[in-house]
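Student: here is a sequence with its predicted model. Questions after.
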Amino acid sequence: MSANSLRLICISMLSVVLFLSCRKAENIVVNERRNLVVADQGNHSLLAVMPPEWRQVPSTEFRMLNYRFGESGEVFVGRSRGGLLTNINRWLGQFGKPAIESADDLPKVEVLGQSGVLVEATGDFAGGMGRAARKNAGLAGVIVAIGDQIITVKMMGGAEDVAAEQVRLIKFCEGLRISQGGSQ
Amino acid sequence: MAKASPSIPVRLFRFFSGFGLAVTCLLLLLILTWLSTLEQPAKGLYEVQKRYYDAEAWYVVPELNWLPKINGKPVSLPLPGAYLVSAVLFVNLFLGGIIRIRKGWRNIGVVISHFSMVSLLIAGFVSHHYSKEGIMAVYQGDTSDFAQSYTEYTIEVAEIVNGEKTRPYVLPAERLKSLAADESQTFQLPDLGLDLEVSGWMRNSARVKVDKENAGQDVIEVDGWALRWLETNPTEELNLAGCHVDVITGVEGVESKRLVLHGGDPNACTVTIDGKIYGLRLMREIWPMPFQVRLDKSIGEYYPGTRKPSTFQSDITRIADGSEQSFRIKMNEPMRYGGYTLYQARWEDRGDRPMSGFAIVKNPSDQWPKYSLYISILGLTIHFGMKLGGFVGKSSKSKGKDLTSNKATV
Amino acid sequence: MSKEVSSNKRSKIGRWAAFILVMLLLGGYGLYTLRLNVSSEKPRAIDGYEIWDADIVESARDISLQDGGRIKPFSTWSGFTMLKLHGARGMRIEANGEVAKISPEEFMLDCLFRPQLARELPIFRIDNSEVISSLATGDLPEEVQRLSGIDNASKNEAIRKVVKDKGRRDRYSYAELESIAPILLARVQKIRKDQPEKAKMTSEQRDTVDLGEKIWMFTALIYHMDFARADIEVQEGTPAMDKERMRRMSYWVRSFPLLRKAVLEMKPQGEKLPAGIMSLFSDLERRMIRASEDIRLLPPYADDSEEWLPVGKRIEAVLTGKRNHAEALVADMETMEEMCIALRDEGQGAFGKQLNAWKKSVHDRMDPKTVNQLGSEVAYGKWNYFYRALVIFIIGFLFVMISWLAPRSRGGRICNKIVGLLALIALGLMIAGITHRSIIMERSPIGNLYDTILFIGATGVLVLLLVELLTKRAVALGLAVFMGMACMFLARRYEIGDAKDHMDPLVAVLKSNFWLSTHVVTITIGYMGGLAAAGLSVIYLFARVLGIDEGDKNFRRAMTRIAYGMVCFTLFFSLIGTVLGGIWANDSWGRFWGWDPKENGALMIVLWCLVVLHARLAGFLREWGIHVAAVFGANIVAFSWWHVNSLSTGLHSYGFIDGLGIIWGFYGLLTAVCLMGMVCAVLERKSKG
């Protein structure tokens, strides 16, 4: 084998190796889609329609559905225990508001076929559940008893931000559904 | 008269079909297998497979920290990768072991055995490139229609319409996992009019809460969350990837939106662009199945008084094309259907509802090794049987001779 | 003629050299292991120790209990428990001026029924008294000080007292360690908190944790039968109806609802109970908790249950309201109480009768097939197949060594005949033992690492005897005896070190008699072949180097053919076994090959055999080379058979082992033999050319 042909072979092999190991720096176009599967229905039996103005963030142990809006506003759906009143007063207590004796006077919101109550408060949030204290904070939330469970939809943020989102909050609550045949 | 030197093709043929190459390849495979085994406890199987056995691993530099260092540096011995060596061995086996070898009754067993090894290597090749596997976890009473990869991560982007997810776009997993920490890669989704720039890839990470004010300079925080780098776990299934994604629209004046994604997130994070909601999720690749599996009964038994598993089995109903069929899947007794094989891989007692984990594998060469085995048994039996027969025959002949001579015994 | 004379002389020197070398090696190793396992100290004198009647011991053997997921006889359970606690299946003590050997059954009877004597037995072997002395460092946690009454000041004094008059390596009784047991257990908890993985602990930490676990296990044994000792103290103030029966716990279990009612009537809710009642309750609770440890002597009462719950758990169920089997439980408790009372008040004769009554009552409730299997397993233990085979092999090997010195003489030939006979007897014992095990376990003979040792020993001896039949050079015969001896010895060492019942049922993924009989058996035969080939080649190399073969080319050629044939044998079985393993893995885990350490080990053996075969065909390896390669192959077999288990990763992690020291020694020895062969080959070629 002549030296030249040998050299040629080596160079071509080297180029092949280099080309293959070279990282693709250019953009990649993605067209592949997959079919939907049962997991796409979500982890919980609760289905919600989120308004476009919010953004969904990862759920946690206490927040089945977790959303943010604006700079620091948050909305989350959770489960609780104890009676309706206990939960209402817990929320009011976080804002330094006095406990109430009856929920009859609170506005009603239809959630999952049951009548829930809307709880509102503004003022200084004392902090708690891992959240820092905050001045001029706002709270708007719906608490509803479904069977022996309490479902809460709680919105927190600046007092003005919360007020601005209240209509969406109520629409969100009214749009909650239980999925058929979901897990848990 | 001097013999003419053989032509280049002949020389190449002799080289590639020769014993020297065979012995070299076999020895190399032996050393590679040995070194990779030594590395496994520390590095984990996934990592070792990638470095030693992947098709892309042309060469490997084994970690030889247990050898004495030279000039303070560990010994570095680059070796060809196992895939490459197997490929060369395959060529050698075919050219030398089947084509060049002298054919005749004496060698028929050897030829058959070589043929069985060739078919085994082909089966391995097909399996390496064309097989896919994932895990399907189902609770008793539930139905599932997908499996998930054990190790490969992808990012899925789906538009959410009226609270419901549409068919998601799937970013290629191979590109994601090859991203370096300081590298970024842009993925274009022309159908959605979006670009995704993925950066800050971490093979193992934790999602941590950060205070916006107290977050460090180089910590990327979104909505009070950031990622913390974690040491890679040798068991790849336990690694939770993390990355940052900038969602870029083509629209003038619209800022890109940044998300922090983590492999352990139970749901997608959303961005709203132009009134449309897009959910992004970093998760193990989902592999939709062409059938559904309903877990009717999941049984896990332990030996009485112990935590040693005695039986794991599942009674399932396979639903496909409108028809239903029942199966029982047990350890060592998988279900094979339409090119898919379901194995009882895991079982967990979750209180009132046990859970079965099925390993699902699609491997075109699933049964080929069995055929290779039969052929190799035939070949080896013929060859060694003939040799043994010859040996026994010779021994009985020489027995008669030795009784008279003073042969050495030990 | 002179050439013949000089080669004869050289051969004789060589033989003696080999003889002495082997004697030194084996003798040295034998003495070393004996030193480890046998204490040179005088047997401890135990005051008041009465040797158990032979009838009672015999009767106790097939008492049934459930352990490790299967029903087994008392003799098996006590054997492995004693092995775990004591490191040996026997203990020498001095009782009434005579030296006696306590068997595992007697040891367990002492623990259960004569705990006051069991505490005096020198059970715990501590190889390094530093384990005790080091407890002095560091402070005792508050809670431990409070519960044990030992404070930091008295701690060190207590520790010093324990190790006083003790050697660095010594045996301790529980009574000697009792005073510092809380300190030790507190230390074990701390170690476990700092380093939960045993494999990553320092050797001192591991020794401490091991000792703590043994003490824990021992206390569980000696306290277990407290529920049946019928020595409950009933204090003043307790409403007493039958003072004698009230000393029995069965009384209280039967009448617990009445007692509860009486107590509630005596003192309305809210007020404190009288001290007598409180102490009674806490006594009952303590006994119940002690009886809840993992010792399962009573079969289930319900037909649909398979689990033999510990007595304490049954008592707990009844006391918390599940009274559906209360009567049956009380009856069992009374029977067991009768045993304890008989032993305490009347002696061994009466105890023996009660023991038989209890055993019969349990057997009557069991499936007769299971009861028969118990008897079979007791017989298996008594036969002690593998120990007897070991002894016969050792004797055989001595004859082998003698025959080396003068092989062609009449004496040499007679020795070989004796060796042949002994080997056959020992082989028969091994095969019988393996078969008996299989019948008891109701599965294929090989299911764990211990089984592989037995199988390799048996098949190795069998195959080598067949080779001897074909070749008649006494080489394969001698190797057969050596291999049998080595494997039986290894099996004993492993059993002692592991101290686990290797007949316990297999995990779900292994439960396939088809695959166990095909893949596992072929792979194991492959291992055996690799070792046998190495053995034959070691003999060749030494024979050549030491001049024992007298330059006989026929001999060398024959040996080369035999060794090479063994390599082919190894290839056949290893290759087929490995592929079978892949097919099994495919059916089990969904992948034919996973680059698992055990799979890799098997592949390495196949590759090595292929290398040897092809290198020989190519002429790269000739006589010296083939033998050196075969010897090296044993390293690969050792790696695959033993070493990969300690890498403890992957789906194949079935047999973990401590102590890689032996493996490294093996590697070193064989590599040295390889080097010797290579050096001699080079020297020989140089001297020729």
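Tutor: Thanks, I have it.
Student: secondary structure class for the residue of the stretch 151-300 of chain B found nearest chain C?
Tutor: As assessed by Cβ to the nearest Cβ, chain C sits closest to B:P234 within the stretch 151-300 of chain B, at 7.9 Å. From N, CA and C alone the C-beta is placed, and that goes for glycine too. Following DSSP: H, G, I helix; E, B strand; the rest coil, B:P234 is assigned to coil.
Student: distance of the nearest residue to it once chain neighbours are set aside from chain A?
Tutor: Nearest residue to B:P234, sequence neighbours excluded (Cβ to Cβ, 6 or more residues apart in numbering or on different chains): B:G44, at 2.8 Å. Taking Cβ to the nearest Cβ, to the nearest Å as the measure, B:G44 falls 24 Å from chain A.
Student: and B:G44, what is it in contact with?
Tutor: B:G44 sits next to B:233-236, C:649 when contact means Cβ atoms under 8 Å, 6 or more residues apart in numbering or on different chains.
Student: please apply the same query to A:I151.
Tutor: Taking Cβ under 8 Å, 6+ apart as the criterion, A:I151 is in contact with A:46, A:77-80, A:111-112, A:116, A:143-145.
Student: remind me which helix or strand it belongs to.
Tutor: For A:I151, the element it lies in under DSSP states H and E is strand A:149-158.
Student: quick one, strands of the chain?
Tutor: If you meant another chain, say so; for now it's chain A. Along chain A, the segments classed as strands by DSSP state E run A:28-29, A:46-47, A:55-56, A:65-69, A:73-80, A:108-111, A:114-125, A:134-146, A:149-158, A:177-178.
Student: wait, I meant chain C there
Tutor: Under DSSP E, chain C gives strands at C:44-45, C:64-67, C:70-73, C:91-95, C:98-102, C:124-126, C:170-172.
Student: using CSV, list the CA coordinates for the fourth one.
Tutor: Same thing as strand C:91-95. Extracted in CSV, the C-alpha atoms of strand C:91-95 (Å, rounded to 0.1, in the frame of the first residue of the first chain):
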residue,chain,number,x,y,z
MET,C,91,-18.9,-25.7,73.4
ARG,C,92,-16.7,-27.4,76.0
ILE,C,93,-17.4,-26.8,79.6
GLU,C,94,-16.6,-28.4,82.9
ALA,C,95,-19.6,-29.7,84.9
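Student: what's the mean pLDDT across it?
Tutor: Strand C:91-95 carries an average pLDDT of 91.
Student: please state the offset of stretch B:91-105 from the chain centre?
Tutor: Here stretch B:91-105 shows a centroid-to-chain-centroid distance of 32 Å under the convention Cα atoms, centre = their mean, to the nearest Å.
Student: any residue of it touching chain C?
Tutor: No: using Cβ under 8 Å from any Cβ of the partner chain, stretch B:91-105 never reaches chain C; the gap is at least 9.5 Å.
Student: which residue does the stretch 1-150 of chain B have closest to chain C?
Tutor: Closest point on the stretch 1-150 of chain B to chain C, by Cβ to the nearest Cβ, is B:F19, at 3.3 Å.
Student: closest to the centroid, which residue in chain A?
Tutor: The centroid of chain A falls nearest to A:N66 when counting by Cα atoms, centre = their mean (2.0 Å).
Student: what bridges to that residue?
Tutor: A:F76 (DSSP bridges).
Student: what sits against it?
Tutor: A:56-60, A:74-77.
Student: picking up where we left off before, number of residues surrounding the residue of the stretch 1-150 of chain B closest to chain C?
Tutor: 16 (other Cβ atoms under 10 Å in any protein chain shown).
Student: return the distance of it relative to B:S119.
Tutor: B:F19 sits 22 Å away from B:S119, going by Cβ to Cβ, to the nearest Å.
Student: tell me the secondary structure at B:W287.
Tutor: Applying three-state DSSP: B:W287 is strand.
Student: so who does it touch?
Tutor: Here B:W287 is in contact with B:132, B:134, B:146-149, B:360 (Cβ under 8 Å, 6+ apart).
Student: can you put those in CSV and add neighbour count?
Tutor: Formatted as CSV, these follow (neighbours: other Cβ atoms under 10 Å in any protein chain shown):
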residue, neighbour count
B:K132, 14
B:G134, 22
B:F146, 20
B:A147, 27
B:Q148, 17
B:S149, 18
B:I360, 23
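Student: narrow the contacts of A:N66 to just the buried residues.
Tutor: A:56-59, A:74-77 (16 or more other Cβ atoms under 10 Å in any protein chain shown).
Student: for the closest residue to B:E285 other than its chain neighbours, list the residues it contacts.
Tutor: Leaving out its chain neighbours, the residue that sits closest to B:E285 by Cβ to Cβ, 6+ apart is B:S149, at 4.1 Å. The contact partners of B:S149, taken as Cβ under 8 Å, 6+ apart, are B:133-134, B:173, B:284-285, B:287.
Student: gap between stretch C:607-621 and the chain center?
Tutor: Per Cα atoms, centre = their mean, the centroid offset for stretch C:607-621 relative to its chain is 40 Å.
Student: avg pLDDT for it?
Tutor: 96.
Student: okay, now residue 154: neighbour count?
Tutor: Since no chain was named, I'll use chain A. A:K154 has 20 nearby residues by other Cβ under 10 Å.
Student: not quite, go with chain C.
Tutor: Using other Cβ under 10 Å, C:S154 has 13 neighbouring residues.
Student: pLDDT value on it, please?
Tutor: So C:S154 comes in at 82 (pLDDT).
Student: same check, this time on B:I112
Tutor: pLDDT, B:I112: 94.
Student: mind listing what it touches?
Tutor: Listed by Cβ under 8 Å, 6+ apart, the contact partners of B:I112 are B:375-376, B:378-379, B:382-383.
Student: those in helices, which ones?
Tutor: With DSSP state H as the criterion, helices contain B:375-376, B:378-379, B:382-383 from among the contacts of B:I112.
Student: can you narrow those to ones near chain C?
Tutor: Checking these against chain C (Cβ under 8 Å from any Cβ), the matches are B:S376.
Student: what ranges do the strands span in the stretch 1-150 of chain B?
Tutor: With strands called from DSSP state E, counting those that start in this stretch, the stretch 1-150 of chain B shows them at B:59-60, B:79-80, B:132-139, B:143-161.
Student: about what we covered before: the residue of the stretch 151-300 of chain B closest to chain C: how many residues sit nearby?
Tutor: By the measure other Cβ under 10 Å, the count of residues near B:P234 is 18.
Student: would you mind listing where the chain has pLDDT under the threshold?
Tutor: Assuming you mean chain A. Along chain A, segments meeting pLDDT under 70 span A:1-3, A:5, A:17-25, A:43, A:129-130, A:180-184.
Student: wait, chain C was what I had in mind.
Tutor: C:1-3, C:36-41, C:236-240, C:267-270, C:648-659.
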